[in-house]
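K.L.:
Predicted model and sequence below, questions to follow.
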Amino acid sequence: MQNYNLINIAIYAVIIIGFAVITVLLSALVGPKAKSNEKLSPYECGVEPVGNARFSFPVKYYVIALMFLIFDVEVVFMYPWAIIVRALGAFGMYEMGVFIFIVLIGFVYAWKKGAFEWE
């Protein structure tokens, strides 16, 4: 029974990889090849591009983005808990209180370090 499942997975993986490779090869073979300065120039909503497109963002931008993702994922963990909160009873409330407390400690730490300040 176990070998049968592994064979199915292997067949599925071969089909997926084959489809990806065939799709890329066909697009390279059949796709348009005409290149011109007009087609190779950057397009910004019909406006001529101004300045260099390659500039670095401040590290604060990435830190704030990561903080948003971290706290957003933490909130997503609360949704399944809210669905079954009555079934969990007092123990579930206690565990969620501990979870929120830990998240709150992380939030206060990031706030004190100035991670949310944009300058």
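P.N.:
Sure thing, it's come through. Numbering: from 1, shown residues only.
K.L.:
residue closest to the middle of this protein?
P.N.:
residue 69 (8.5 Å; Cα atoms, centre = their mean).
K.L.:
quick one: what helix or strand has that residue in it?
P.N.:
helix 59-83 (DSSP states H and E).
K.L.:
And that helix, what does it pack against?
P.N.:
In terms of contacts (3 or more Cβ pairs under 8 Å, 6 or more residues apart in numbering; DSSP states H and E), helix 59-83 is packed against helix 85-113. (C-beta placed from N, C-alpha, C; glycine too.)
K.L.:
can you give me the angle the helix it packs on makes with helix 59-83?
P.N.:
160 degrees (axes from the mean of the first three to the mean of the last three Cα atoms, to 10 degrees).
K.L.:
Pull out the buried residues from helix 85-113.
P.N.:
96, 103, 107, 110 (16 or more other Cβ atoms under 10 Å).
K.L.:
Mind putting these into CSV with distance to residue 89?
P.N.:
Below are the buried residues of helix 85-113 laid out as CSV (distance: Cβ to Cβ, whole Å):
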residue, distance to residue 89
96, 12
103, 22
107, 27
110, 32
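K.L.:
Relative to residue 13, which of the residues you listed is nearest.
P.N.:
Ranked by distance to residue 13 (Cβ to Cβ), these are led by residue 103 at 38.1 Å.
K.L.:
tally of neighbours for the spatially closest residue to that closest one that is not a sequence neighbour?
P.N.:
Once flanking residues are discounted, residue 103 sits nearest to residue 74: 5.0 Å by Cβ to Cβ, 6 or more residues apart in numbering. Residues contacting residue 74 under the criterion other Cβ atoms under 10 Å number 15.
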